[in-house]
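Trainee: got a predicted model here, sequence first, then my questions.
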Amino acid sequence: GAGVSQTPSNKVTEKGKYVELRCDPISGHTALYWYRQSLGQGPEFLIYFQGTGAADDSGLPNDRFFAVRPEGSVSTLKIQRTERGDSAVYLCASSAGGLTGANVLTFGAGSRLTVL
Amino acid sequence: AQSVAQPEDQVNVAEGNPLTVKCTYSVSGNPYLFWYVQYPNRGLQFLLKYITGDNLVKGSYGFEAEFNKSQTSFHLKKPSALVSDSALYFCAVSGNTGGFKTIFGAGTRLFVKA
């Protein structure tokens, strides 16, 4: 597609529920990143995919968070047993670069998650 | 582990005046440095990057940044600010060894007054 697409744009859920957030990267981009941005803070790194594999998942806060990218394109971030502290904007970014820190990231508009 | 510090929560400048938004970093090995901008109700956009070579890098919308290795800084500058430059600016760093994730600072809000 023309840009990075994230769905849903807004998600309101109740504490304890399961949530999936989807990211559709720019066509042909092999690198895909998930970040979390809380109000007044910078994006917090969660996970980085190169192709289908997670090159770095050191930012996932705990085992309630999991992400997949089974065909090397669309990615889904999955959050189990949501907590109020999970409320944030979840950002996805993609890049055409390889396994390097020099990649320029193109971000989507984000998925705003609110846990009541 | 890499980290980024943006010491100013907010920078205020009058239109037409020069602006500087500060950033310092910490990373093992040689750094890759970036500036991104976030306008209201819009996604993060890339402004410029330093990978190697000339310490002064030029980017979009007339912005530039200077890499200073001894001071571990990468300050964002513009000679003449515009009201439309008002936005949230993020400095980011990644390394070229080990993990390749990009780490962002907390952001600096720039207000340009007419």
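Mentor: Sure thing, it's come through. Worth saying up front: this structure is predicted, and the values here are computed from it rather than measured. Residues are numbered from 1 along each chain as shown, chains lettered A, B, ... in the order given.
Trainee: identify the bridge partners of residue A:107.
Mentor: Beta bridges link residue A:107 to residue A:93 when assigned by DSSP bridges.
Trainee: indicate the residue of chain B located nearest to chain A.
Mentor: Nearest residue of chain B to chain A (C-beta to the nearest C-beta) works out as residue B:94 at 3.1 Å. To be clear about C-beta, it is placed using only N, CA and C from the backbone, and glycine gets the same treatment.
Trainee: surely that residue meets residue B:1?
Mentor: No: the pair residue B:94 and residue B:1 fails to qualify as a contact (C-beta atoms under 8 Å) at a distance of 11.5 Å.
Trainee: the more surrounded of those two?
Mentor: residue B:94 (24 against 11; other C-beta atoms under 10 Å in any protein chain shown).
Trainee: which stretches of chain A form strands?
Mentor: In chain A, the strands defined using DSSP state E lie at A:5-7, A:10-13, A:19-24, A:31-37, A:44-50, A:53-56, A:65-68, A:75-79, A:88-95, A:106-107, A:111-115.
Trainee: just the CA trace of the third one, in PDB.
Mentor: The C-alpha atoms that make up strand A:19-24 are tabulated as PDB, following Å, rounded to 0.1, in the frame of the first residue of the first chain:
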ATOM      1  CA  VAL A  19      -6.900  -7.500  22.100                       C
ATOM      2  CA  GLU A  20      -5.400  -7.800  18.600                       C
ATOM      3  CA  LEU A  21      -3.900  -4.800  16.700                       C
ATOM      4  CA  ARG A  22      -3.000  -5.100  13.100                       C
ATOM      5  CA  CYS A  23      -0.300  -3.500  11.000                       C
ATOM      6  CA  ASP A  24      -0.100  -3.600   7.200                       C
END
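Trainee: just the buried residues of it, please?
Mentor: A:19, A:21, A:23-24 (16 or more other C-beta atoms under 10 Å in any protein chain shown).
Trainee: can you give the distance of it from its chain's centre?
Mentor: 7 Å (C-alpha atoms, centre = their mean, to the nearest Å).
Trainee: for it, which strands pair with it and how are they oriented?
Mentor: The pairing partners recorded for strand A:19-24 under DSSP bridges are strand A:5-7 (antiparallel), strand A:75-79 (antiparallel).
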